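okay, sequence plus prediction incoming.
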Protein chains: 2
Amino acid sequence: MLRFTIIGCGQMGSWFAENLARRGADILLLDRNSRRASLLAKRTGGEVLNSLRKIPRDRPLLLALPIREIGGVLEQLTNHGRPGLRIVEISSFKKPVIESVRYARRKGHIVASIHPLFGPGQKNDENTVTVHVERASRAEDTLIRMLLPKSEIRRMSWMEHDRAMLVALSLTHFIGVSAAHLLSMHGAIPVKTRSLNSLLSLISIAISEPNDFYTDYPMTHIQAIRLFKKYSESASRWLKMFKNARAASRIMKIRKTLQARYNLDAAYKRVYSNSSNC
Amino acid sequence: MLRFTIIGCGQMGSWFAENLARRGADILLLDRNSRRASLLAKRTGGEVLNSLRKIPRDRPLLLALPIREIGGVLEQLTNHGRPGLRIVEISSFKKPVIESVRYARRKGHIVASIHPLFGPGQKNDENTVTVHVERASRAEDTLIRMLLPKSEIRRMSWMEHDRAMLVALSLTHFIGVSAAHLLSMHGAIPVKTRSLNSLLSLISIAISEPNDFYTDYPMTHIQAIRLFKKYSESASRWLKMFKNARAASRIMKIRKTLQARYNLDAAYKRVYSNSSNC
């Protein structure tokens, strides 16, 4: 039988608890906020633990915590007691956690460091992609498959992952928030273009993040701030270009670069194949 | 039999020509660039006209021209000759054209001023919305239905329409272009999050516009520039808030405002119901 202990009952912890429960798993839940753990336990038929020390060592562990808490919890779990814990951590940036992951491995534990590239809005793990960084053993693959039987797993280094996430996560959320702010000052828009629908998708993702997302590593570390600064400068520069009606030729160049990288034509077709006109 | 004369064989003119041809229409085509008209005529079985003066007055006309050209062409068409022309114009902003539309009406012509809220990526007019501004007669409705039999028609004043488009079209394209620029400086992102996919949708729409879109009214008029400036300032302000880790509480307020206006939860669900993980 599938058994798991989930530490952290926020959005992603809940997502995993519910998905494991649907597959008939036996779940233990732990959260600093014990009410949150109890509510999730009720929804999923799980049981609540009230201390890290009570965690059974024979079932795999999922760490679904804010990035800044992962290192500490990993150390608490692995500093004492016998080796052989099986742990999965799912932080969206790896720099702040990778040293703790390696430390736990040196202490004889199996630690899979993954990043599921989807939010809690996902129904199940079909048609999803999960990044697996710094894979150290086959035991990690088995562990990941228990949690995410159908997700497509892509292996890469933590640096490659973090570099990608700086744009794919930090920048996109920054743009979503900046746009959300401006839209909130503008009254409701009575009709929606395809581009407004796309922007609203971006905004809906940004706005649905839990609060700690916006005070934690992904959005406040120095590299992210630098990138936001570049974006803000890019916006000022384009402002000038539109003012002087000099934008068109620059856009043509950018179009060529991006088209080669991202197949924007296909993205464009998808925009129109989705017939919902909310 | 359905007959139409299309003036302007750019992206939207081509879209209408192809859609009318598919419905068995007899089409005449006119473009300042006669080669462009000939190519479209070949694709659609239409015929090319080479002068505004040769336009038959008994079949309806579609003006699919850059905004700055519409007024002039409307005047050329209606200054001489008998009244009774039936004309549809489809500009995406109405301020620069509405006076010419009214002038043509005073001269005894029927002019429908519409804005189809979709781009040339649209397959047909099913599940689309078209705005009809300043409706003056039922004859306009008949005319629009010939072109767009299935589009949902929403009537509003030209001012209401333009105010909405300032955000739904100008701002979204500005954000798309600013983001495209930054992305083009960053190498390909090897994995895609849902938020990156949404951003790429926005970018693909912005990047697919014809060049004159970016030198013409929507993107260069003073109100748009003012809005871009506000957006650029909003981005700088959020940069500071993330620097100081003060973003979370502000985002909560914005979330409430926007959720009430746009049902962002539904938008969020749509992001995850679209299973393509390009």
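Sure thing, it's come through. Numbers count the residues shown, from 1 in each chain, chains lettered A, B, ... in the order given.

which helix or which strand is home to the closest residue to A:Leu147 other than its chain neighbours?
Once flanking residues are discounted, A:Leu147 sits nearest to A:Val88: 6.0 Å by Cβ to Cβ, 6 or more residues apart in numbering or on different chains. C-beta here means a position set from N, CA and C on the backbone, and glycine is covered the same way. Assigned by DSSP states H and E, A:Val88 belongs to strand A:86-89.

show me where chain A has strands.
A:3-7, A:26-30, A:47-48, A:61-63, A:86-89, A:110-116, A:129-133, A:152-156 (DSSP state E).

tell me the strands beside the third one, with direction?
Within its sheet, strand A:47-48 is paired with strand A:26-30 (parallel), according to DSSP bridges.

quick revisit: can you redo the strands of chain A as TSV with mean neighbour count?
Converted to TSV, the strands of chain A look like this (neighbours: other Cβ atoms under 10 Å in any protein chain shown):
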stretch	mean neighbour count
strand A:3-7	23
strand A:26-30	21
strand A:47-48	16
strand A:61-63	24
strand A:86-89	24
strand A:110-116	25
strand A:129-133	21
strand A:152-156	15
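
pLDDT value on the most centrally placed residue in chain A, please?
Among the residues of chain A, the one closest to the centroid is A:Ser92, at 4.6 Å (Cα atoms, centre = their mean). A:Ser92 is assigned 94 on the pLDDT scale.

list the residues that contact it.
A:Ser92 sits next to A:Ile67, A:His115, A:Met165, A:Leu169, A:Pro218 when contact means Cβ atoms under 8 Å, 6 or more residues apart in numbering or on different chains.

okay, and the beta partners of the residue lying closest to A:Glu47 once chain neighbours are set aside?
Leaving aside its chain neighbours, A:Glu47 sits nearest to A:Leu28 (5.4 Å; criterion: Cβ to Cβ, 6+ apart). Per DSSP bridges, the residues bridged to A:Leu28 are A:Thr5, A:Glu47.

which residues touch A:Leu28?
Applying Cβ under 8 Å, 6+ apart, the residues contacting A:Leu28 are A:Arg3, A:Phe4, A:Thr5, A:Ile6, A:Gly46, A:Glu47, A:Val48, A:Leu49, A:Ile55, A:Pro56, A:Arg59.

you'd agree A:Leu20 is up against A:Phe4?
Yes - judged on Cβ atoms under 8 Å, A:Leu20 makes contact with A:Phe4 at a distance of 5.5 Å.

which residues do the two both contact?
By Cβ under 8 Å, 6+ apart, the residues touching both A:Leu20 and A:Phe4 are A:Ile27, A:Leu147.

please determine how far A:Arg261 is located from B:Phe118.
Look at A:Arg261 and B:Phe118: by Cβ to Cβ, to the nearest Å, they are 26 Å apart.

which one of those two has more residues nearby?
More neighbours surround B:Phe118 than the other of A:Arg261 and B:Phe118, with 21 against 15 (other Cβ atoms under 10 Å in any protein chain shown).

per-domain residue ranges of chain A.
A:3-156, A:160-273 (automatic domain parsing).

measure the longest one end to end?
Which is domain A:3-156. Using Cα to Cα, to the nearest Å, the end-to-end distance of domain A:3-156 comes to 28 Å.

next one: the shortest one
End-to-end distance for domain A:160-273, by Cα to Cα: 32 Å.

mean confidence score for it?
93.

for it, the distance to its chain's centre please.
17 Å (Cα atoms, centre = their mean, to the nearest Å).

also the longest one?
Domain A:3-156 has its C-alpha centroid displaced from the chain centroid by 13 Å (Cα atoms, centre = their mean).

how about A:Gly108: what's its closest non-neighbour residue?
For A:Gly108, the spatially nearest residue (Cβ to Cβ, 6+ apart) is A:Pro83, at 2.6 Å.

hang on, the one you found packs against A:Lys107?
Yes - in this structure, A:Pro83 is within contact of A:Lys107 by Cβ under 8 Å, at 5.9 Å.

which one of these two is surrounded by more residues?
Neighbours per residue (other Cβ under 10 Å) separate A:Pro83 from A:Lys107, with A:Lys107 holding more: 19 against 13.

circling back: any idea how far A:Asp141 is from the residue nearest to A:Gly108?
Relative to A:Asp141, and taking Cβ to Cβ, A:Pro83 is found at 19 Å.

which strands border the strand holding A:Val88, and is each parallel or antiparallel?
Next to strand A:86-89 in the sheet, as set by DSSP bridges, lie strand A:61-63 (parallel), strand A:110-116 (parallel).

can I get these in TSV including mean pLDDT?
Formatted as TSV, those follow (pLDDT from 0 to 100):
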stretch	mean pLDDT
strand A:61-63	98
strand A:110-116	97
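
ok, now which ones touch A:Arg237?
B:His181.

the stretch 51-200 of chain A: helices as residue ranges?
Ranges of helices in the stretch 51-200 of chain A, per DSSP state H, counting those that start in this stretch, are A:67-79, A:95-106, A:138-147, A:158-165, A:172-184, A:194-207.

what angle do the longest one and helix A:172-184 make?
Note on geometry: by axes from the mean of the first three to the mean of the last three Cα atoms, to 10 degrees, helix A:194-207 and helix A:172-184 are set 110 degrees apart in direction.

how near is A:Pro120 to chain B?
Distance, A:Pro120 to chain B, by Cβ to the nearest Cβ, to the nearest Å: 9 Å.

endpoints of stretch A:124-133, how far apart?
End-to-end distance of stretch A:124-133 (Cα to Cα): 22 Å.

how about A:Gly45: what's its closest non-neighbour residue?
Nearest in space to A:Gly45, with sequence neighbours left out and distances taken as Cβ to Cβ, 6+ apart, is A:Ala21 at 5.9 Å.

okay, now the one you found: neighbour count?
Neighbours of A:Ala21 (other Cβ under 10 Å): 19.

show me what contacts A:Tyr268?
Neighbour list for A:Tyr268: B:Gly121, B:Ser201, B:Ser204, B:Ile205, B:Ser208 [criterion: Cβ under 8 Å, 6+ apart].

the nearest residue to the second one once chain neighbours are set aside and A:Ser184, how far apart?
Leaving out its chain neighbours, the residue that sits closest to B:Ser201 by Cβ to Cβ, 6+ apart is A:Ser198, at 4.1 Å. Using Cβ to Cβ, one gets 18 Å for the distance from A:Ser198 to A:Ser184.

try A:Ser100
Taking Cβ to Cβ, one finds A:Ser100 at 38 Å from A:Ser184.

next: A:Asn19.
Counting by Cβ to Cβ - A:Asn19 and A:Ser184 are separated by 33 Å.

now do A:Trp238
With Cβ to Cβ as the criterion, A:Trp238 and A:Ser184 are 22 Å apart.

of these two, who's got more company?
Under the neighbour definition other Cβ under 10 Å, A:Trp238 and A:Ser184 were set side by side, and A:Trp238 has more, 25 against 18.

for that one, which non-adjacent residue is closest in space?
Per Cβ to Cβ, 6+ apart, closest to A:Trp238 is B:Ser178, 5.0 Å.

residues contacting the one you found?
A:Tyr231, A:Ser234, A:Ala235, A:Trp238.

I figured the last one hits A:Ala247, correct?
Okay, so that is A:Trp238. Yes - between A:Trp238 and A:Ala247 a contact is recorded at 6.7 Å, counting by Cβ under 8 Å.

if you look at stretch A:250-260, does any of it touch chain B?
Yes - counting by Cβ under 8 Å from any Cβ of the partner chain, chain B has neighbours in stretch A:250-260: A:Arg250, A:Ile251, A:Met252, A:Lys253, A:Ile254, A:Arg255, A:Thr257, A:Leu258, A:Gln259.

now for those residues, which pair is the farthest apart?
Largest separation among the residues of stretch A:250-260 next to chain B by Cβ to Cβ: A:Arg250 and A:Gln259, giving 14.8 Å.

next, the buried residues of the longest helix along chain A.
Of all segments of type helix in chain A, defined using DSSP state H, the longest is helix A:222-243. Burial within helix A:222-243, assessed by neighbour count using 16 or more other Cβ atoms under 10 Å in any protein chain shown, is assigned to A:224-225, A:227-228, A:230-236, A:238-239, A:241-242.
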